[in-house]
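Engineer: Quick one, structure for this:
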Amino acid sequence: MFEKCRSIDSSPSVSRLYRSAVVAPLIALLASAATPAGADPLIYATINNKGVFSVIDEADDMILDRVTVAPSPADAVISPDGASLYIVQPITGDVNVVDTSDNSVTTISTGFQLGGLDILPDGSLVFVANSSDGSVSVIDTATGTLVDTDDGDMDVTPIDIEATPRQIAASPSGDAIWVTTTAPASIVIIDPTTFAVLDDIESTSELAGLAFSPLGDEAYVVKTDGELSVVDVATKTFGTDVMVGTGPRRVVVTPDGATAVVTNLISSTVSVVDLSTLMVVGSVGTATSPTGLDLTADGATAIVSGFGSLTRVDVASATGDGSITLESATDLAWAVVLGPEATPTPTATATASVTSTATPSPTPSATAIPPSATPTSTAIPSTPTATATNTPATPTATATSTAGTPTATATNTATAATPTSTATNTATAATPTATATSTTTAGTPTATATNTTTAGTPTATATMNRQITAAQSAGLDRL
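Structural biologist: Prediction:
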């Protein structure tokens, strides 16, 4: 479908408008569907001048942990599954690998001064810019070791790119690694499978951060002279430049491909760029010296680093949306990374009641049915299964006969002094109690009810085995 549209008019402006009008809403819908409702992500912020990273609950801005990763943590990237956080130490040449389940830290040494880094979409390899060596190191995330990119060498050899690497971005499909470089200023393109240098796109300006469109057909590259430049991935050529703020450093693109957000280090602002028109639609003030930033999963909010606080930016309105105060006003947050959104542990409490249709009795009785007369209806098996046991002190049964439609209703209600209801749901870590209602209609029994009298203390046991539908599960939606 995309190729047919391009065959009609493949000019960049028409292609960009098509993405904005048709492709962007589709991608946004898929992104929102993949995000669990009511979930809250964690924010990881490297504090460059304090040798730590902070873990912050995005929902309430609470600092949950502050972990030492000395001496000067800078850029960071998180694995697609959120299990590992990779932090570069520019001076020592180390990469700190953080297990996000407990924030424990291990270290991989590259032996070089470092710049930026990125991870493949499948999470298998991390590529790190060796700024002091003119090379790119590769980390195998499964083994936690450096990859020898030259099989004929006895040593672990990085990828030689013959330029000083600065920032790195993996393409959305994972088929290419783009590296911005200085001396000379260019974009070096690497094959992540063979580790060969595929191409080199020269630039007349010094480059910093870069990001791809969700479809991977365009790249957006920061020029430190104050511009955001569009690069056509197919032709590997620079296109339109958009003037942003002073000293731009990093850029991110929303999941729908409609908007780019750029940090401006010197002017302490972020520029919000409409990618369909290539115009700046807003400039938002931030904490001093913003460098890094990241987006929430839906692309609605950008979290921006800076001195003493992180700034929230509402992307749609291109306005500030509050800030997150760091532990100290002198904390310099360098990189900001949002982890995958965590789903809350569900728990629910309720009473179980059972209603069944039975053959009418000429004289309705309000006493428990003795063991010799046990009405039974067989439940239709399905998934999930819940079992509830009611032990009332005084069970009550009420039967009503209506002409042509006899109905007998037995109700057990659990209160503090009477029946208790316990349901065990093996799908959750806790032991929640559940609300369940089972209704048996003529010809379609869905519950088995048995009342047994033992030593003067009647016991009622109900077993429910049924599929919970949307209508039935009001109040159980978090299970």
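Engineer: From Ala318, how far out is Met279?
Structural biologist: 11 Å (CB to CB, to the nearest Å). Yep, even glycine has a C-beta here, placed from its N, CA and C like the rest.
Engineer: cool, Thr100 as well?
Structural biologist: Distance of Thr100 to Ala318, given as CB to CB: 31 Å.
Engineer: Likewise for Gly282?
Structural biologist: Between Gly282 and Ala318 the distance is 2 Å, computed by CB to CB.
Engineer: for Pro90, same thing?
Structural biologist: Between Pro90 and Ala318 the distance, using CB to CB, works out to 32 Å.
Engineer: buried sites along stretch 161-176?
Structural biologist: By neighbour count on 16 or more other CB atoms under 10 Å, the buried set for stretch 161-176 is 161, 163-171, 174, 176.
Engineer: Same question for stretch 141-159.
Structural biologist: For stretch 141-159, the buried set under the neighbour-count rule, 16+ other CB under 10 Å, comprises 141, 146-147, 149, 157-159.
Engineer: Check these and tell me the two furthest apart.
Structural biologist: Taking CB to CB, the two most distant members of the buried residues of stretch 141-159 are Thr141 and Thr157; they sit 18.9 Å apart.
Engineer: just checking, Thr157 touches Asp150?
Structural biologist: Yes. Taking contacts as CB atoms under 8 Å, Thr157 lies within contact range of Asp150: 4.0 Å.
Engineer: Which stretches in the stretch 151-300 of the chain count as helices?
Structural biologist: Remark: helices of the stretch 151-300 of the chain are absent; assignment by DSSP state H, counting those that start in this stretch.
Engineer: can you pull out the strands in it?
Structural biologist: Taking DSSP state E, counting those that start in this stretch as the test, the strands found in the stretch 151-300 of the chain are 159-160, 164-170, 177-182, 186-190, 197-202, 207-212, 218-223, 227-232, 237-243, 248-253, 259-264, 269-274, 279-285, 293-295.
Engineer: Going along the chain, name the strands of the stretch 1-150 of the chain.
Structural biologist: 42-47, 52-57, 63-68, 76-78, 84-89, 94-99, 104-109, 114-119, 125-130, 135-140, 145-146.
Engineer: one step back: need the residues touching each of Gly282 and Ala318.
Structural biologist: Listed as contacting both Gly282 and Ala318 by CB atoms under 8 Å, 6 or more residues apart in numbering are Val272.
Engineer: Tell me which of the strands of the stretch 1-150 of the chain lies nearest to Leu198.
Structural biologist: strand 135-140 (13.0 Å).
Engineer: What are the contacting residues of that closest one?
Structural biologist: With contacts defined as CB under 8 Å, 6+ apart, strand 135-140 is touched by 86, 95, 108, 110, 112, 124-130, 145-147, 149, 158-161, 165, 168, 177, 179, 190, 195.
Engineer: and that strand, which strands flank it?
Structural biologist: Using DSSP bridges, the strands paired with strand 135-140 are strand 125-130 (antiparallel), strand 145-146 (antiparallel), strand 159-160 (antiparallel).
Engineer: among the ones you listed, which is the most enclosed?
Structural biologist: The highest average neighbour count among these, using mean count of other CB atoms under 10 Å, belongs to strand 125-130 at a mean of 26.
Engineer: Look up how far Leu117 lies from His58.
Structural biologist: Actually, residue 58 is Glu. It isn't His. For Glu58 relative to Leu117 (CB to CB), the value is 23 Å.
Engineer: no wait, Thr106
Structural biologist: Distance, Thr106 to Leu117, using CB to CB: 16 Å.
Engineer: Comparing those two, which shows the higher neighbour count?
Structural biologist: Leu117 (24 against 11; other CB atoms under 10 Å).
Engineer: partner residues bridging the closest residue in space to the more buried one that isn't next to it in sequence?
Structural biologist: Of all residues not flanking Leu117 in the chain, Val128 sits nearest, at 4.5 Å (CB to CB, 6 or more residues apart in numbering). Beta-bridge partners for Val128, by DSSP bridges, are Leu117, Ser137.
Engineer: can you tell me which residues contact Val128?
Structural biologist: 88, 95, 110, 114-117, 136-139, 168.
Engineer: Report the lowest-confidence entry in those.
Structural biologist: Least confident of the contacts of Val128 in the model: Thr110, at 92.
Engineer: thinking that one is in contact with Pro90, fair?
Structural biologist: No. Judged on CB under 8 Å, Thr110 makes no contact with Pro90 at a distance of 10.8 Å.
Engineer: where does the stretch 51-200 of the chain have low pLDDT?
Structural biologist: 152-154 (pLDDT under 70).
Engineer: got it, and the stretch 251-400 of the chain?
Structural biologist: Where the stretch 251-400 of the chain drops to pLDDT under 70, the residues are 341-400.
Engineer: how about 90 then?
Structural biologist: Low-confidence segments of the stretch 251-400 of the chain (pLDDT under 90): 340-400.
Engineer: now the residue nearest to Gly209 when sequence neighbours are not counted: how far from Val221?
Structural biologist: Sequence neighbours aside, Arg250 is the residue nearest to Gly209 in space, at 3.9 Å (criterion: CB to CB, 6+ apart). The gap separating Arg250 from Val221 is 11 Å, by CB to CB.
Engineer: got any residues that touch both of these two?
Structural biologist: Counting by CB under 8 Å, 6+ apart, the contacts common to Arg250 and Val221 are Gly209.
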